[in-house]
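[1] Next input, structure requested:
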Amino acid sequence: MRNLIIFLIILLNGCSTPTLSKKGEEVQVIMDMPKEKCVNLGPVFSESNNQFIGDFVTNKDLLRRATVKLRNEVADLGGTHVLIKGHSISEVNNYAYKNKTASSATFTGIAFKCKLKV
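    Modelled structure (predicted):
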């Protein structure tokens, strides 16, 4: 019974949609290096996949979820901006759903802490 409860918690957590934290809402996504003086907080990475929920999540939603996770991660580091360095959508083999494919969206970037809006 305990294992069933743990499995259900993991499954439901995997299906939940991430939400922007209050500080995550303030993180600005940028595509060019900041021109103002900013502190480089280092690389950041986020991923979202639909491995457990099959075809119910579109690639657009996967990208949005990965962006939310990235902004929250930058906020947790104390950052104000994230420079997107790359992103991808890939399909992986999913044996749990009889060889259907599941998509995964990933973002890589660099977190910055800037005093002014870039």
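[2] Near residue 114, how many other residues are there?
    Residue 114 has 17 neighbouring residues, counting by other Cβ atoms under 10 Å. Bear in mind the C-beta positions are built from the backbone N, C-alpha and C, glycine included.
[3] What residues are bridge-paired with it?
    Per DSSP bridges, the residues bridged to residue 114 are residue 38.
[4] ok, now residue 49?
    Beta-bridge partners recorded for residue 49 (DSSP bridges): residue 104.
[5] Numbering from 17 from now on, please.
    I'll keep to 17 as the first residue from here, and by that count the last item is residue 65.
[6] Count the residues that sit near it.
    Using other Cβ under 10 Å, the number of residues around residue 65 comes to 20.
[7] How about residue 64?
    Residue 64: 23 neighbours (other Cβ under 10 Å).
[8] Moving C-terminal from the lowest-mean-pLDDT helix or strand in the chain, which element do we reach first?
    Lowest by mean pLDDT, DSSP states H and E among the helices and strands of the chain is helix 18-31, with a mean of 48. The helix or strand immediately downstream of helix 18-31 is helix 38-42, counting by DSSP states H and E.
[9] Give the other helices and strands that that following helix contacts.
    Judged by 3 or more Cβ pairs under 8 Å, 6 or more residues apart in numbering; DSSP states H and E, the packing partners of helix 38-42 are helix 75-92.
[10] With adjacent residues omitted, what lies nearest to residue 103?
    Excluding the flanking residues, the one nearest residue 103 by Cβ to Cβ, 6 or more residues apart in numbering is residue 123, at 4.8 Å.
[11] and the helix or strand encompassing that neighbour with helix 75-92, angle?
    Here residue 123, judged by DSSP H and E, is contained in strand 116-130. Going by axes from the mean of the first three to the mean of the last three Cα atoms, to 10 degrees, strand 116-130 is angled at 30 degrees with respect to helix 75-92.
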